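Colleague: Predicted model and sequence below, questions to follow.
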2 protein chains.
Amino acid sequence: MASREDFAMTDLFPQKGHDHSRCVDSALREAEKVCDAENARFTDMRRLVFSLIWKSHKAITAYELLDAIQAGGQRVQPPTVYRALEFLTQLGLIHRIESLNAYFGCDMPHHHHLGQYFICRQCGRVAEAVDEEMSNAVRKAARQVQFRIEATTIEIKGLCHDCATH
Amino acid sequence: MASREDFAMTDLFPQKGHDHSRCVDSALREAEKVCDAENARFTDMRRLVFSLIWKSHKAITAYELLDAIQAGGQRVQPPTVYRALEFLTQLGLIHRIESLNAYFGCDMPHHHHLGQYFICRQCGRVAEAVDEEMSNAVRKAARQVQFRIEATTIEIKGLCHDCATH
DNA sequence: TGACGTGATGTTATAATATATCATTTCTTG
DNA sequence: CAAGAAATGATATATTATAACATCACGTCA
């Protein structure tokens, strides 16, 4: 995977013509590392679900995953998919977008982070940011009201630069 | 309704013993004003749904509302509830919490705002903040990646001060 | 090695959330 | 009041998610 630094900030969304196979390969390698480190099994089903999520930079729903798996010939039921999603989510390998009931692959599963998600309503792509200023603002506001944060959901919907200009 | 300024920041969540009937009365008056201003009809059904949402400072799901209405003797179907919810949401009288699939009443429906929601997992209460620092951080991050914001979802889960200390 | 325990997946059923569609009623306004 | 628009009623169904129990796969240690 191209490291974070390979992108200028305006390229948080990957270029349209980018070599996506590199994203996928790298994501798989990262996932393997994380599973190893956590002593968790990256089973065939988990790998399949993970790969399907990484087919694009869009978020994908559980039932779209189910359909994709079944299209591949396996007769799989919803719980199987949801279990894989839960596993991957817990390890931080994917993130759930609450406002879409959908999942997408994390770029940087190796470090804990409070991410923020930019979601383009036109092209459907999702980009994850880890912006300290946003995180700090949230933490500061929480401190002011004496709220103990356990999880945050920050989802920003609109138009990515490509879609806004073309 | 107590105006925003009546609360110190640490009282974003209302006091346990507060006079809730004042919240409800005030919310109803505000809602009427907003509907008037928008030339929108605050029908019986909409008023009922709105009042039920304001029964507490927690978020309530569509089907909990449905049950509550039916418990009151009316035989109402899901679309009726969802329509009222859509109407109220569009006017900004209530907000949807994406991570809960639930709705709760807005304190300050009269002005447009990008709100942030603190959700206590213990007592279930939701508090809305309108924190410029958070909003600004989001807008700044969006500007940096040339993203055109259309909507934001900022939901912060954890423990409110009451629940963290008792 | 092989019985066991654990974790993963299979299977069936159903719960919970949400919307499409068309019929009917109610409100507004000319 | 009549006509059109808006709201609700009613029916059906789509979409998202989980409970519960059965079976399978894998590591481990006697």
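Modeller: The structure has been received and is ready for your questions.
Colleague: mean confidence for the longest helix anywhere in chain A?
Modeller: Determined from DSSP state H, the single longest helix within chain A is helix A:20-38. Here helix A:20-38 scores 95 as its mean pLDDT.
Colleague: in it, what counts as buried?
Modeller: For helix A:20-38, a neighbour-count test (16 or more other C-beta atoms under 10 Å in any protein chain shown) marks A:23-24, A:27-28, A:30-31, A:34-35 as buried. The way it works is simple: take the backbone N, C-alpha and C, and place the C-beta from them, glycine included.
Colleague: Out of the residues you listed, which comes closest to DNA strand C?
Modeller: Set against DNA strand C, the nearest of the buried residues of helix A:20-38 by C-beta to the nearest atom of the strand is A:Cys35 (9.1 Å).
Colleague: contacting residues for that closest one?
Modeller: Neighbouring residues of A:Cys35 by C-beta atoms under 8 Å, 6 or more residues apart in numbering or on different chains: A:41-42, A:91.
Colleague: Then A:Ile69?
Modeller: Applying C-beta under 8 Å, 6+ apart, we find A:Ile69 in contact with A:48-49, A:52, A:76, A:81.
Colleague: go again using 10 Å as the cut-off
Modeller: A:Ile69 makes contacts with A:45, A:48-49, A:52, A:75-76, A:80-81, A:84, as judged by C-beta atoms under 10 Å, 6 or more residues apart in numbering or on different chains.
Colleague: now do A:Arg75
Modeller: By C-beta under 10 Å, 6+ apart, the contact set of A:Arg75 is A:Ile69.
Colleague: Can you tell me the SS state at it?
Modeller: Following DSSP: H, G, I helix; E, B strand; the rest coil, we place A:Arg75 in the coil state.
Colleague: before we move on, the earlier item: narrow the contacts of A:Cys35 to just the buried residues.
Modeller: Buried among the contacts of A:Cys35 (16+ other C-beta under 10 Å): A:42, A:91.
Colleague: one step back: what is the subsequent helix or strand relative to the longest helix of chain A?
Modeller: For helix A:20-38, the following helix or strand on the C-terminal side (DSSP states H and E) is helix A:44-53.
Colleague: Check which helices and strands that following helix sits against.
Modeller: The contact analysis (3 or more C-beta pairs under 10 Å, 6 or more residues apart in numbering or on different chains; DSSP states H and E) places helix A:44-53 against helix A:20-38, helix A:62-71, helix A:78-90, strand A:94-97, strand A:102-105.
Colleague: let's see 8 Å
Modeller: Counting contacts by 3 or more C-beta pairs under 8 Å, 6 or more residues apart in numbering or on different chains; DSSP states H and E, helix A:44-53 packs against helix A:20-38, helix A:62-71, helix A:78-90, strand A:102-105.
Colleague: Tell me the gap between that helix and the middle of its chain.
Modeller: Its chain's C-alpha centre and that of helix A:44-53 lie 13 Å apart, by C-alpha atoms, centre = their mean, to the nearest Å.
Colleague: quick one: is it near DNA strand C?
Modeller: Yes - applying C-beta under 7 Å from any atom of the strand, one finds that helix A:44-53 is in contact with DNA strand C at A:44-46.
Colleague: so which of these is the most crowded?
Modeller: Of all these, the most densely surrounded is A:Arg46 (20 neighbours; neighbours counted as other C-beta atoms under 10 Å in any protein chain shown).
Colleague: What residues does that one make contact with?
Modeller: Applying C-beta under 8 Å, 6+ apart, the residues near A:Arg46 are A:84, A:87-88.
Colleague: again with A:Ala68
Modeller: Counting by C-beta under 8 Å, 6+ apart, A:Ala68 has contacts A:52, A:55.
Colleague: Quick check: pLDDT value at it.
Modeller: The model reports A:Ala68 with a pLDDT of 98.
Colleague: Chain A - how does it break down into domains?
Modeller: The record's domain parsing of chain A by automatic domain parsing lists A:19-110, A:113-166.
Colleague: that's a helix at A:Asn136, yeah?
Modeller: Yes - under three-state DSSP, A:Asn136 sits within a helix.
Colleague: Flag every buried residue along stretch A:75-85.
Modeller: By 16+ other C-beta under 10 Å, the buried positions in stretch A:75-85 come out as A:76, A:80-81, A:84-85.
Colleague: does any bit of that stretch sit next to DNA strand C?
Modeller: Yes - using C-beta under 7 Å from any atom of the strand, we find that stretch A:75-85 touches DNA strand C at A:75-80, A:83-84.
Colleague: Tell me the buried residues in the biggest strand by length in chain A?
Modeller: Ranked by number of residues, the top strand in chain A under DSSP state E is strand A:148-159. For strand A:148-159, the neighbour count (16+ other C-beta under 10 Å) marks A:148-149, A:152-159 as buried.
Colleague: Provide the strand pairings for it, with the direction of each partner.
Modeller: Sheet pairing of strand A:148-159 (DSSP bridges) gives strand A:116-120 (parallel), strand B:148-159 (antiparallel).
Colleague: Next, format these as a markdown table and append distance to B:Asn101.
Modeller: Listed next are the strands paired with strand A:148-159 as a markdown table, based on distance: least, C-beta to C-beta, whole Å:
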| stretch | distance to B:Asn101 |
| --- | --- |
| strand A:116-120 | 18 |
| strand B:148-159 | 12 |
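Colleague: I'd like these as TSV, with mean pLDDT appended.
Modeller: Output for those, formatted as TSV (pLDDT from 0 to 100):
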stretch	mean pLDDT
strand A:116-120	98
strand B:148-159	97
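Colleague: That concludes my questions; thank you for your assistance.
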